[in-house]
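K.L.:
Starting from these lines, generate the structure:
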Amino acid sequence: MTVETATSAGRLRGRLVAGPAGTVTVFRGVRYARAERFELPQPVDPWPDVVDATEPAPAAPQPVDEEQLVPDMTVAGIGEDCLAAEIWTPDVSGRRPVLVWIPGGRYQIGGAALATYDGARLAAEADLVVVGVNYRLGALGFLFADGVPANFGLRDLLAALRWLRSEVSAFGGDPDRIILMGESAGAGAIAHLLAVPETESLIAGAIIQSGAPGSTLTTPAAATVTAALLRAAGVDCVHGLRPLPLDELLAAQAIADAEMLATVGMMPLHPVVDGDLLTGSPLDAARAGTLAAVPLVIGTTMHEMELFREAIPELPTEFSIPFLAGKLAPTLGPTASEDAARRGLDSVDGDLAEAIADTDLHLPAAVIADSHAARGLPVWRYRFAWEAPRIRAAHATDLPFTFGTLDVANWRDFLGATGTDAAAANALSAAIRTAWASFCHSLRPGCAPVGAWPIHDRRRRRQVVLGRVIEVVDDLDGARFRAWTGAEPIIDEEV
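P.N.:
Down below sits the predicted model:
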């Protein structure tokens, strides 16, 4: 059965779908903007007839033959006409909260139509409008070059939020209750959006899952990446990339990625301080007190870098210490000394993977949370702790728990969520969905058995641990983090 609704540009036809928690209406491949290569996103043109919205739009151009580290990360099709949304709604009438999902994938892979991100269960059981958003990736989304704007991917997401403010009521959503949610690069994109002043007027809150808000590229680093890409493509400037066939552009991007791995890292095409959209990193904005003043949920997995352990080289101390000190600099500023790096590495018994998890993910999340709390803004912290075989509670292992899609692809076997552990995994997934739904409806997360989550304060530093046991823990890893910062203990038993 089909359902129609009217946007300001024209009518759309979606489809009723029976999901695991009830029937929802799904609108797929809904264009929120259009953009030519290396051009700013523009409003869609009106259409006279009803547009069929029952098939996904192509995902952003990306490599599709790479071996993926977790299940269901290969998109079905790609194309430059990718600025589209997937929308799940209980009903096109009413005004319910809107949960906007920004998929991750190191700013180079991923898409909103992946089965893992199916929003049907969240929409039906929590009475939400769930929206997944595609945005430009790789060189098309994050190239920094003379003659064109930077951060196209972030500009796409801002265009999507503006479109939702204007049009989401046509899908049963409340434009005043838009909540952003993302994981990995999607969470990093949210952190960068929070550093853009306009964003505060477009959203009511945000959920940041395993983001790296300190990884913003400097302009010199971004310029180095651009030079490598132009060399690989055999052109002199960005205008030479405009007519390049897409497969040749992606091939040049892959060559530049490999060349930049040792100096820039795993994400060379990344949000950059461009002096226009971004005048500083999310951590700069947090320290300055200018990050968007909206309620936040922010957290990480317990062993983030376990997923990438095989790709992390074994470095002798004389190399690992300056390497880690450089990674600390965006988070700790002047205190990011080699002494700090040495203390931090000692605190994790010399485990470089755990040290990188601290410098790139755990510590930046703490800085964001502390700065928000210092401004009197509500912020909640969590740690995802489901222990999967081989990779433990690694980066991205929370994805199917978030959407209730453990039965998609090979997730259950991959996560050890089968047999006698299936019930515990199902319960954890239900708790996370309940917490995020609570945040969407009341701007405060809560779930059994801990009830309403305690707001983070800088003295007790409370976090909710989401694992086989769900509990509130004070000062989780406090001694370890204080090793990096050199700070004295701050927990106050009387708080």
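K.L.:
what about the strands in the stretch 301-450 of the chain?
P.N.:
Counting by DSSP state E, counting those that start in this stretch, the stretch 301-450 of the chain forms strands over residues 379-384, 446-447, given from the N-terminal end onward.
K.L.:
Sheet partners, orientation included, of the last one?
P.N.:
In other words, strand 446-447. Paired neighbours of strand 446-447 in the sheet (DSSP bridges): strand 451-452 (antiparallel).
K.L.:
Can you say which of the strands of the stretch 301-450 of the chain is nearest to Val75?
P.N.:
For Val75, the closest of those is strand 379-384, at 24.5 Å, according to CB to CB. Glycine gets a C-beta too; all of them are placed from N, C-alpha and C.
K.L.:
Distance from the chain centre to that closest one, please.
P.N.:
Strand 379-384 has its C-alpha centroid displaced from the chain centroid by 15 Å (CA atoms, centre = their mean, to the nearest Å).
K.L.:
Which residues does it contact?
P.N.:
The contact list for strand 379-384 (CB atoms under 8 Å, 6 or more residues apart in numbering) reads 209, 295-302, 365-366, 368-369, 372-373, 393, 397-398, 401, 435, 439, 444-445, 453-456, 461-467, 473, 476.
K.L.:
redo that, cut-off 7 Å
P.N.:
Defining contact as CB atoms under 7 Å, 6 or more residues apart in numbering, one finds that strand 379-384 is touched by 296-302, 369, 372-373, 393, 398, 445, 453, 455-456, 463-466, 476.
K.L.:
okay, the residue nearest to Ser281 when sequence neighbours are not counted: pLDDT?
P.N.:
Leaving aside its sequence neighbours, Ser281 sits nearest to Thr216 (CB to CB, 6 or more residues apart in numbering; 3.7 Å). The score at Thr216 is 93. That number is its pLDDT.
K.L.:
next one: Pro489
P.N.:
Confidence per residue is given as pLDDT, and for Pro489 that number is 43.
K.L.:
still on that earlier bit, show me the contacts of strand 379-384 that map onto helices.
P.N.:
When DSSP state H defines the helices, the subset of the contacts of strand 379-384 inside them is 369, 372-373.
K.L.:
which stretches of the stretch 201-350 of the chain aren't confidently modelled?
P.N.:
Under the criterion pLDDT under 70, no range of the stretch 201-350 of the chain is flagged.
K.L.:
Sketch out the helices for the stretch 1-150 of the chain, chain order is fine.
P.N.:
Counting by DSSP state H, counting those that start in this stretch, the segments of the stretch 1-150 of the chain that form helices are 120-126, 138-142.
K.L.:
Contacts for whichever helix or strand comes after the last one next, please.
P.N.:
From helix 138-142 onward toward the C-terminus, using DSSP states H and E, the following helix or strand is helix 152-167. Outside of helix 152-167, the residues within contact range by CB under 7 Å, 6+ apart are 7-8, 32-33, 40-41, 83, 85, 98, 100, 102, 107, 131, 133, 135-137, 140-142, 149, 175, 178, 189, 192-193, 196, 198, 202-203, 271, 277.
K.L.:
and the nearest residue to Arg468 once chain neighbours are set aside, how many neighbours?
P.N.:
What sits nearest to Arg468 in space, not counting adjacent residues and going by CB to CB, 6+ apart, is Ala424, at 5.0 Å. Using other CB atoms under 10 Å, the number of residues around Ala424 comes to 15.
K.L.:
Relative to Asp407, how far out is Ala424?
P.N.:
Distance of Ala424 to Asp407, given as CB to CB, to the nearest Å: 15 Å.
K.L.:
Same check on Leu283?
P.N.:
From Leu283 to Asp407 the distance is 38 Å (CB to CB).
K.L.:
can you check Ala393 too?
P.N.:
Relative to Asp407, Ala393 is positioned 20 Å away (criterion: CB to CB).
K.L.:
Which one's more surrounded, those two?
P.N.:
Here Ala393 and Asp407 are set side by side on neighbour count (other CB under 10 Å), and the busier one is Ala393, at 22 against 13.
K.L.:
Find the nearest non-adjacent residue to that one, please.
P.N.:
In this structure, Ala393 finds its nearest non-sequential neighbour in Met302, 3.8 Å apart by CB to CB, 6+ apart.
K.L.:
and if you look at Gly94?
P.N.:
For Gly94, the spatially nearest residue (CB to CB, 6+ apart) is Gly172, at 4.8 Å.
K.L.:
so the one you found touches Pro97, yeah?
P.N.:
No. Between Gly172 and Pro97 there is no contact under CB atoms under 7 Å: 10.4 Å.
K.L.:
Looking at the helices of the stretch 1-150 of the chain, spot the one closest to Leu12.
P.N.:
When the helices of the stretch 1-150 of the chain are ranked by proximity to Leu12 (CB to CB), helix 120-126 comes first, at 16.6 Å.
K.L.:
For Ser337, which residues are in contact?
P.N.:
Contacts for Ser337 (CB under 7 Å, 6+ apart) come out as Ala325.
K.L.:
From Ile470, how far out is the residue nearest to Arg468?
P.N.:
When CB to CB is the yardstick, Ala424 and Ile470 sit 11 Å from each other.
K.L.:
what's next to stretch 342-356, contact-wise?
P.N.:
Stretch 342-356 is touched from outside by 305-306, 309, 312, 315, 320-321, 324, 327, 358, 480, 483-484, 486, with contacts defined as CB under 7 Å, 6+ apart.
K.L.:
buried stuff in stretch 405-413?
P.N.:
Neighbour counts over stretch 405-413 (16 or more other CB atoms under 10 Å) mark 405-406, 408-409, 411-412 as buried.
K.L.:
Just put the residues you listed in CSV and tack on distance to Asp52 and pLDDT.
P.N.:
Formatted as CSV, the buried residues of stretch 405-413 follow (distance: CB to CB, whole Å; pLDDT from 0 to 100):
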residue, distance to Asp52, pLDDT
Thr405, 25, 98
Leu406, 31, 98
Val408, 25, 94
Ala409, 27, 93
Trp411, 30, 98
Arg412, 34, 98
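K.L.:
ok, so of those, who is nearest Ala385?
P.N.:
When those are compared against Ala385 (criterion: CB to CB), the nearest one is Leu406, at 16.3 Å.
K.L.:
need the contact list for the nearest residue to that closest one once chain neighbours are set aside.
P.N.:
Leaving aside its chain neighbours, Leu406 sits nearest to Pro400 (4.7 Å; criterion: CB to CB, 6+ apart). When the contact criterion is CB under 7 Å, 6+ apart, the partners of Pro400 are 116, 406, 408, 411.
K.L.:
which residues does the residue nearest to the first one when sequence neighbours are not counted contact?
P.N.:
Leaving out its chain neighbours, the residue that sits closest to Thr116 by CB to CB, 6+ apart is Asp72, at 4.6 Å. Applying CB under 7 Å, 6+ apart, we find Asp72 in contact with 114-116, 408-409.
K.L.:
I'd say Leu361 and Pro213 touch.
P.N.:
No. Counting by CB under 7 Å, Leu361 sits too far from Pro213 to count as a contact (9.1 Å).
K.L.:
between those two, which one's more packed in?
P.N.:
Set Leu361 next to Pro213 and count neighbours by other CB under 10 Å: Pro213 wins out with 31 against 25.
K.L.:
roughly how far is the longest helix seen in the chain from the heart of the chain?
P.N.:
Here the longest helix in the chain is taken by residue count, with DSSP H as the criterion, and it is helix 422-442. For helix 422-442, the gap between its own C-alpha mean and the chain's C-alpha mean amounts to 18 Å (CA atoms, centre = their mean).
K.L.:
Hmm, Trp88 is touching Ala120, no?
P.N.:
Yes. Under the criterion of CB under 7 Å, Trp88 lies in contact with Ala120, with a separation of 5.3 Å.
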